[in-house]
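S.K.: need coordinates for the below:
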Amino acid sequence: MDYLVVGAGPAGLQAGYFLQQTGRSYLIVESGAAPGAFFTRFPRHRTLISINKVHTGWDDPELNMRTDWNSLLSDEHTPLFTERTPRYFPAAEEMVGYLADFATTHRLRIRYGTRVTGISRPGGGPDGPGDFLVRAEDGTAYRARRLIVATGVTRPYIPGIEGVETVERYDEVDVDPAAFTGQRVLIIGRGNSAFETADNLIETASVIHVAGPGSLKLAWQTHFVGHLRAVNNNFLDTYQLKLQNAVLDGHILRIRQQPDGSYVVSVSFSRVNEVVKDIPYDRVILATGFRFDPSIFAPECRPELAINDRFPAQTDAWESPNVPGLYFAGTITQVRDFKKSTSGFIHGFRYGVRALHRILEARHHGRPWPARALPATAGAVTDAVIARVNRSSALFQVFSFLGDAVLADRDGTVRYCEEVPVDHLHTAVANGEFGDVGQYFTVTLEYGEGHDKVNPFDITAGRISQQDTTGLDGRYLHPVVRAFDGAAPGKATAEHHITENLENEWDSEEVHRTPLRNFLSARFPDPAPAARP
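M.R.: Predicted coordinates for the structure are as follows:
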């Protein structure tokens, strides 16, 4: 077959949908009995933190996807997660049901109960490497020219702390708050899983400490939704208002379990000159996250890892740099925009999977990236850009990372391509994959420089004047257009920031359109008006 997709979570289903739409030979293999097995266990406290905003005031399906963080993409815009529940933070069970509906509605080819135990790549020859051989626990073997691995992060990360093997793990610990009544609890970790756990114990535990190195980062300030979300930060009130709980900024040096089952934990505090303090606890919970598990790969096709071995390394086309034909989809693709954009989450990687499919179609099936022709004028390009930034959900969700591309070919024609990974665009232009490009432009939505360093609720923080149409100091999400020379891809020759707008509406003639048209006019001269007789 052409493609074997490993994993029937959201990313695997999204990949299968696009492969099916283009008639490719594929199969999705899934270890569970239904799609989305991950969500039958996680998050442990059964509430998703992905936004499900049903009432937007819009009737445009594309705009509605800006506030729908759970639905997968389909040409029919069905089924939608927002049709299942009105809850802003839905129950995890709703995701399980939604994914099953999506797989059934689109008749995706999935083989359940198929746990992959080994992936190898025997043979090969002068025409390149051989097919992948994927073996399952039941003895079944599958061959495919290419693999799309969408397994997520499945291996708990166990830090090298002395005594860590004696503590409870987030993926196994009892979630009944009554089991912690009157106890002193330490939670090791600083992410949403750690604070989700702490929040669950506020009413019953006597003391809760959440510990980890580095500064705590809040999603509402950094705009990275993987940082601590407001829905999980009630615990911070109990710390700052002196209600017996605390956030410990520092390193856990060692954990010593006592004969009675309690613990003494040595903490090196970062903000008091590394003072080390031994603190007693009744329970210690490890909530330090998960990472990609490469153990199923044979040595000849074992992918390189990146970011302290958390994720498989990937090219700008989501392909393993050392295993050609091995592609990745889903949360593990966040290695490309780690803690900068949204590829680690459904509302980000659903667009990444669509872009991956377009890359595969161009590389292996002779179908170039979809494009539409534009008149070679500043006015036409301005209209196209303004229309897209006011409607696109992909550019809005995967800010900075995905961009539209305006390609000005050397023969004078202009093409508009949507939702191209910016890094891939530069590489593809350099390799001639987008044709004979003379100059090109990227269109992205971005937060301004230093956006994560300023408290957005501090009215003394400097903001640009609304009369400043350059937008260069805008910290809020706003469109950015950059120009590049096709002969030297990747290094911008000019850029224009469209002034930010509270409602994300960039359609003012004076503030938005005219400055952009002026920027483009130097590169797309509008035809001179006809002379009057």
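S.K.: ranges for the strands of the stretch 101-250 of the chain?
M.R.: Residue ranges of the strands in the stretch 101-250 of the chain, as given by DSSP state E, counting those that start in this stretch, are 110-111, 116-120, 132-136, 141-144, 146-149, 155-156, 168-169, 184-188, 207-212, 246-257.
S.K.: by contact count, what packs against the first one?
M.R.: Counting contacts by 3 or more Cβ pairs under 8 Å, 6 or more residues apart in numbering; DSSP states H and E, strand 110-111 packs against strand 26-29. For glycine as for every other residue, the C-beta is placed from the backbone atoms N, C-alpha and C.
S.K.: one more: the second one?
M.R.: The helices and strands touching strand 116-120, judged by 3+ Cβ pairs under 8 Å, 6+ apart, are strand 132-136.
S.K.: closest one to H357 among the strands of the stretch 101-250 of the chain?
M.R.: Closest to H357 of these is strand 146-149 (Cβ to Cβ; 9.3 Å).
S.K.: end-to-end on stretch 486-498?
M.R.: Stretch 486-498 has an end-to-end distance of 23 Å (Cα to Cα, to the nearest Å).
S.K.: buried ones in that stretch, by neighbour count?
M.R.: The neighbour-count check on stretch 486-498 (16 or more other Cβ atoms under 10 Å) flags 486, 489, 496-498 as buried.
S.K.: out of the strands of the stretch 101-250 of the chain, nearest to D278?
M.R.: For D278, the closest of the strands of the stretch 101-250 of the chain is strand 246-257, at 8.5 Å, according to Cβ to Cβ.
S.K.: residues in contact with the closest one?
M.R.: Residues outside strand 246-257 that contact it (Cβ atoms under 8 Å, 6 or more residues apart in numbering) are 159, 161-164, 166-167, 188, 208-216, 235-236, 239, 263-271, 274, 276, 284.
S.K.: rerun that using 7 Å as the cut-off
M.R.: 161-164, 166-167, 188, 209-211, 213, 216, 239, 263-271, 276, 284 (Cβ atoms under 7 Å, 6 or more residues apart in numbering).
S.K.: can you check stretch 324-339 too?
M.R.: 9-11, 15, 129, 145-150, 152-153, 224, 226, 292, 301, 303, 306-307, 311-314, 318-320, 343-344, 349, 352-353, 356, 401.
S.K.: what about it, start to end distance?
M.R.: One end of stretch 324-339 sits 26 Å from the other (Cα to Cα).
S.K.: same question, stretch 18-33
M.R.: 22 Å.
S.K.: again, but for stretch 156-167
M.R.: With Cα to Cα applied, stretch 156-167 spans 13 Å between its terminal residues.
S.K.: spell out the secondary structure type for H496.
M.R.: Classification of H496 by DSSP: H, G, I helix; E, B strand; the rest coil places it in strand.
S.K.: now do the contacts for it.
M.R.: 481, 516, 519.
S.K.: okay, these in TSV with neighbour count and distance to T442 next?
M.R.: As requested, these are exported to TSV (neighbours: other Cβ atoms under 10 Å; distance: Cβ to Cβ, whole Å):
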residue	neighbour count	distance to T442
V481	24	7
L516	26	14
F519	21	13
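S.K.: from the residues you listed, which is closest to A387?
M.R.: Distance to A387, by Cβ to Cβ, is smallest for L516 among these, at 12.0 Å.
S.K.: excluding chain neighbours, what is closest to that closest one?
M.R.: T382 (5.2 Å; Cβ to Cβ, 6 or more residues apart in numbering).
S.K.: now that neighbour: which helix or strand?
M.R.: helix 378-389 (DSSP states H and E).
S.K.: after that helix comes which helix or strand?
M.R.: helix 394-397.
S.K.: and that following helix, what does it pack onto?
M.R.: Applying 3 or more Cβ pairs under 7 Å, 6 or more residues apart in numbering; DSSP states H and E, we find helix 394-397 packed against helix 346-364, strand 402-409, strand 437-446.
S.K.: just list the residues touching the residue most central in space within the chain, thanks.
M.R.: Of all residues in the chain, the one closest to the mean position by Cα atoms, centre = their mean is S343, 1.6 Å from it. Counting by Cβ under 7 Å, 6+ apart, S343 makes contact with 333-334, 336-337, 349, 352, 398, 401.
S.K.: can you give me the buried ones in the worst-scoring helix or strand of the chain on mean pLDDT?
M.R.: Confidence across the helices and strands of the chain bottoms out at helix 219-222, with a mean of 91, counting by mean pLDDT, DSSP states H and E. Residues of helix 219-222 classed as buried: 219, 221-222 (neighbour count, 16+ other Cβ under 10 Å).
S.K.: next, count neighbours for the nearest residue to I110 once chain neighbours are set aside.
M.R.: Setting aside the residues directly before and after it, I110 is nearest to I28 in space (Cβ to Cβ, 6+ apart), at 4.4 Å. Using other Cβ atoms under 10 Å, I28 has 27 neighbouring residues.
S.K.: what do you get for L218?
M.R.: 15.
S.K.: and if you look at I279?
M.R.: For I279, the number of neighbouring residues by other Cβ under 10 Å comes to 16.
S.K.: gap between it and N322?
M.R.: Per Cβ to Cβ, to the nearest Å, I279 is found 44 Å from N322.
S.K.: just the buried ones from the contacts of S343, in PyMOL syntax?
M.R.: For the buried members of these, the matching PyMOL selection, counting by 16+ other Cβ under 10 Å, is:
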select buried, resi 333+334+336+337+349+352+398+401
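S.K.: any chance of JSON lines for the strands of the stretch 101-250 of the chain, columns mean neighbour count and distance to V420?
M.R.: Below are the strands of the stretch 101-250 of the chain laid out as JSON lines (neighbours: other Cβ atoms under 10 Å; distance: least, Cβ to Cβ, whole Å):
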{"stretch": "strand 110-111", "mean neighbour count": "16", "distance to V420": "29"}
{"stretch": "strand 116-120", "mean neighbour count": "18", "distance to V420": "29"}
{"stretch": "strand 132-136", "mean neighbour count": "20", "distance to V420": "27"}
{"stretch": "strand 141-144", "mean neighbour count": "16", "distance to V420": "26"}
{"stretch": "strand 146-149", "mean neighbour count": "25", "distance to V420": "19"}
{"stretch": "strand 155-156", "mean neighbour count": "14", "distance to V420": "32"}
{"stretch": "strand 168-169", "mean neighbour count": "14", "distance to V420": "40"}
{"stretch": "strand 184-188", "mean neighbour count": "24", "distance to V420": "41"}
{"stretch": "strand 207-212", "mean neighbour count": "23", "distance to V420": "37"}
{"stretch": "strand 246-257", "mean neighbour count": "18", "distance to V420": "41"}
